[in-house]
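S.K.: Next input, structure requested:
(one chain, ligands or ions: 1)
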Amino acid sequence: MFGKIKGFSIKDSIVEIRFENIEAKINIISSSIVNFFVPNFRNEQKSKAIENLKIEKYDFDVIQEENYIEISTKELIIKIYDEFKVDVYNKEGKLICEDYRGNREPFIKNCAGRLDIAAQEGHKPTEHMEYEVFIPKKMEDNMYFYGFGERTGHLNKKGCHYVNWNTDDPSPHGETYEKLYKSIPFFVTMKEEEAFGIFFDNTFEAHFDLGKENSNYYYFAAVDGNIDYYFMYGPSIKEVIKGYTYLTGTTPLPQLWTLGYQQCRWAYCPESNVMDIAKKFREKDIPCDTIYLDIEYMDDFRVFTWDKDKFKDPKKMINNLKEDGFKLVTIIDPGVKVDKGYKVYDEGLKNGYFATDKNGIVYTNWVWPGNSVFPDFMNTEVRNWWASNQRIMMDYGVAGIWNDMNEPASFNGPLPDDIKFDEDGQIRDHKEIHNVYGHMMDKATYEGIKNATNKRPFVVTRAAYSGTQKYSTVWTGDNQSTWEHLRMSVPMLMNLGLSGMSFCGTDVGGFGYDSTHELLSRWVQVGAFTPLFRNHTTIYSRDQEPWAFDKITEDINRKYIKLRYKLIPYMYDIFYKGEQDGLPVMRPLMLHYQNDEKTYEINDQFLFGENILVAPVLEQGKKARMVYLPKGSKWIDYWTKEVFKGGQYIVKETPLDVCPIYIKDNSIIPNYPEMSYIGEKEVDTLTLDIYVEDEGKFEYSHYQDDGSSFEYREGKYNLYNIVVENKDTLNIEVNLVYNGYDKKYNKVEIKLNGLSIKTENIDGNKLNLEINL
Ligand code: MIG
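M.R.: Numbers count the residues shown, from 1 in each chain. Modelled structure (predicted):
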């Protein structure tokens with residue numbers, strides 16, 4: 001297809017390589033991030049995921065050898081051969097990513113000698129799909145694959161095949177599912193501590209085959225579009241994630257209240273039901289910040305309206321909720337009801353804001369409001385209009401918007417490939433924009449809320465593409481109240497986190513089917529550590545609020561929801577750092593222990609930030625579980641304070657109210673006092689829970705701001721540096737090292753291993769506390 005190399009030229013950061021038949025552009029974004037672009041579909045390179053890409057300096061060399069062109073940066077050597085074959089070496093000259101040069105050899109299905117019958121039934125003896133874009137890389141032994149956004153199955157994706165085509169499939173998502181609601185064309189490959197990432201920025205139906213077709217190669221491919229992919233080097237996975245989020249954006253710091261517990265169901269309705277739920281939380285002393293309204297609050301599912309029979313005075317209701325410390329989040333679907341006289345429909349129709357068929361006639365399909373039309377979110381004017389509609393909800397006092405059905409989902413068969421969208425003057429087919437439809441809706445929603453409130457928008461979305469993390473929190477759609485789905489939620493959320501989606505969660509308790517006392521008890525133990533902590537269930541399922549079962553379940557819910565609130569300042573610190581380095585809240589162990597092979601495939605444990613290891617129970621009736629403690633550190637059992645050496649498997653007994661939690665030795669964890677919701681109490685004491693076993697010195701940086709506005713971006717925040725040195729004396733120093741926000745802590749309280757202390761009662765040790773606020 002490409003032919004032989006003819007020559008090259010350099011323009012700023014781009015090396016243009018002329019092949020016989022086509023030109024390729026290699027953009028050296030940094031010493032470790034390189035974009036490979038071939039305009040085989042369209043000349044323009046217009047990413048939906050990457051906005052405002054900055055290339056700071058051009059620092060690379062290019063030479064032409066006899067049969068290849070070599071580009072070298074400080075970290076990489078890239079060799080480009082005829083037919084656009086690419087090999088990447090690290091600076092020590094080790095080949096780290098090699099193009100596969102052999103033929104495609106799909107796996108064979110035996111078909112038991114029934115070839116003719118098999119063919120009649122639609123089975124092909126070989127599994128083989130043709131693509132317009134097809135990039136195969138050589139598979140090696142001991143390769144691990146992570147990322148790919150929201151996927152069922154396990155942490156390591158080797159041997160699997162996945163498809164990017166945003167899909168709302170209401171049946172129970174099994175391990176074999178190749179596609180779900182989100183399409184994140186990004187993955188990390190690791191071999192012997194050496195990791196790199198690939199971001200394949202193609203919005204068409206894309207495929208990732210990790211050695212399923214043939215164990216000699218893995219590939220990424222798409223049914224159409226350009227060759228457009230980014231290679232980002234590690235060698236640490238952390239660096240890869242940093243590179244990926246440098247391109248597509250990091251998760252911005254959320255409002256503090258969004259980190260509290262959230263209660264949802266399809267659907268709290270009417271108003272009295274909502275108020276009862278709110279009251280119950282306070283009566284039962286179970287912290288909660290947020291209640292959701294699902295589709296039933298709308299007037300016959302017309303978006304941006306209220307059913308005034310069921311909700312007489314939404315503003316008043318929301319105010320009453322506010323007085324009790326609750327925020328309200330409402331659902332919004334993209335489908336606009338076809339209905340003359342309904343403002344949103346009329347406006348959109350008049351201005352040509354809806355997608356059309358190939359003849360220019362407004363396209364309709366069936367969703368919740370019945371016959372509906374689909375806003376053309378590819379168009380800036382339409383996005384601005386949708387953004388301005390957010391104000392309707394914000395004026396009622398709604399605190400956040402939950403975008404559902406934005407794959408887009410449809411009940412009357414899928415949207416045809418050739419439905420037309422107008423990307424600011426350029427017509428695009430549904431086939432091209434399907435996977436970014438939700439992304440663009442989220443972008444509009446984010447902008448609208450930002451304009452209306454000037455606060456950090458809280459948007460929750462079901463569909464997403466790479467880069468959606470800049471605009472929205474994600475949840476994993478319609479899971480089921482089954483142990484299988486609890487088990488899968490852990491690797492699923494870890495891979496979402498590695499894919500830039502730090503603010504993510506699943507429906508705690510499970511959405512479809514009926515939860516049980518034990519399942520909810522275990523699920524809330526995971527939920528307490530997932531960034532988005534929301535209990536949600538479907539319309540005809542059994543109730544699953546924290547009190548919906550027996551007293552034991554209620555007590556367990558209270559215990560873990562309270563633990564969550566205690567850890568919010570620690571989580572907020574992770575979010576603050578994550579906005580800079582792209583690292584997620586919920587992390588697979590290998591992210592921090594890449595030199596410990598035993599961590600590479602741990603599916604049922606995770607790190608909450610760097611310092612807290614969680615090993616939840618994910619099976620019914622399990623009274624004990626094995627826990628792996630990574631090497632290089634000691635670990636302290638959060639409940640018993642027992643100290644363990646790292647690099648070993650231990651067995652932890654797990655009665656129903658115990659989720660195994662281990663704190664890394666040399667940790668400093670800021671805590672909140674008990675509260676029923678964020679903002680209930682002014683927190684003027686900085687409480688630091690310190691874990692220290694051995695002699696040594698360690699530090700921690702703690703962040704503080706107003707918890708809601710964008711002023712932190714203008715420097716209105718505080719940073720505290722905490723230094724602990726344990727020798728003959730335990731020295732703890734707390735220093736305000738950046739002073740930009742006027743509300744500060746005026747006291748420091750120290751806990752050791754979770755226990756409040758006074759300076760005089762530490763056994764045999766002296767505590768020297770120096771505080772400079
Ligand atoms: O077709 O709004 O995933 O959370 O409760 C179902 C009703 C539509 C799907 C969402 C779910 C929500 C439900 N929605």
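
S.K.: Count the neighbours of the residue in the chain that the ligand sits nearest to for me.
M.R.: Here the residue of the chain nearest the ligand is Trp266; by C-beta to the nearest ligand atom that distance is 3.7 Å. Quick note: C-beta positions are derived from backbone N, CA and C, even for glycine. If you count neighbours by other C-beta atoms under 10 Å, Trp266 ends up with 18.

S.K.: Check Tyr217 too.
M.R.: When neighbours are defined as other C-beta under 10 Å, Tyr217 has 22 of them.

S.K.: Lys179 too?
M.R.: For Lys179, the neighbour count with other C-beta under 10 Å is 18.

S.K.: try Lys664
M.R.: Other residues lying near Lys664 total 23 when counted by other C-beta under 10 Å.

S.K.: got a pLDDT number for it?
M.R.: Looking at Lys664, its pLDDT is 98.

S.K.: Who are the contact partners of the nearest residue to it once chain neighbours are set aside?
M.R.: Of all residues not flanking Lys664 in the chain, Asn611 sits nearest, at 4.8 Å (C-beta to C-beta, 6 or more residues apart in numbering). By C-beta atoms under 8 Å, 6 or more residues apart in numbering, the residues touching Asn611 are 570, 663-664, 667-669, 691.

S.K.: So which of those residues belong to helices?
M.R.: Using DSSP state H, the subset of those located in helices is Tyr570.

S.K.: Format the contacts of Asn611 as a markdown table; extra columns: distance to Phe37.
M.R.: As requested, the contacts of Asn611 are exported to a markdown table (distance: C-beta to C-beta, whole Å):
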| residue | distance to Phe37 |
| --- | --- |
| Tyr570 | 41 |
| Ile663 | 46 |
| Lys664 | 42 |
| Ser667 | 44 |
| Ile668 | 45 |
| Ile669 | 45 |
| Tyr691 | 48 |
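
S.K.: and the residue nearest to Lys664, how far is that from Asp665?
M.R.: To Asp665, Asn611 is 9 Å away according to C-beta to C-beta, to the nearest Å.

S.K.: in which helix or strand would I find the closest residue to Gly234 other than its chain neighbours?
M.R.: Of all residues not flanking Gly234 in the chain, Ala195 sits nearest, at 3.7 Å (C-beta to C-beta, 6+ apart). Per DSSP states H and E, Ala195 falls inside strand 194-200.

S.K.: Get me the contact residues on the stretch 451-600 of the chain for the ligand.
M.R.: Within the stretch 451-600 of the chain, the residues that sit near the ligand (C-beta under 6 Å from any ligand atom) are 462, 477-478, 511, 536.

S.K.: Give me the contacts around the longest strand along the chain.
M.R.: Using DSSP state E, we find that the single longest strand of the chain is strand 729-739. Contact partners of strand 729-739, identified using C-beta under 8 Å, 6+ apart, comprise 686, 688, 690, 692, 701, 717-725, 744, 748, 750, 762, 765-773.

S.K.: check the residues you listed against the ligand, which are close?
M.R.: Counting by C-beta under 6 Å from any ligand atom, no member of the contacts of strand 729-739 is near the ligand.

S.K.: Any of the residues you listed buried? List them.
M.R.: Among these, those buried by neighbour count (16 or more other C-beta atoms under 10 Å) are 686, 688, 690, 692, 717-720, 722, 724-725, 748, 750, 767, 771.
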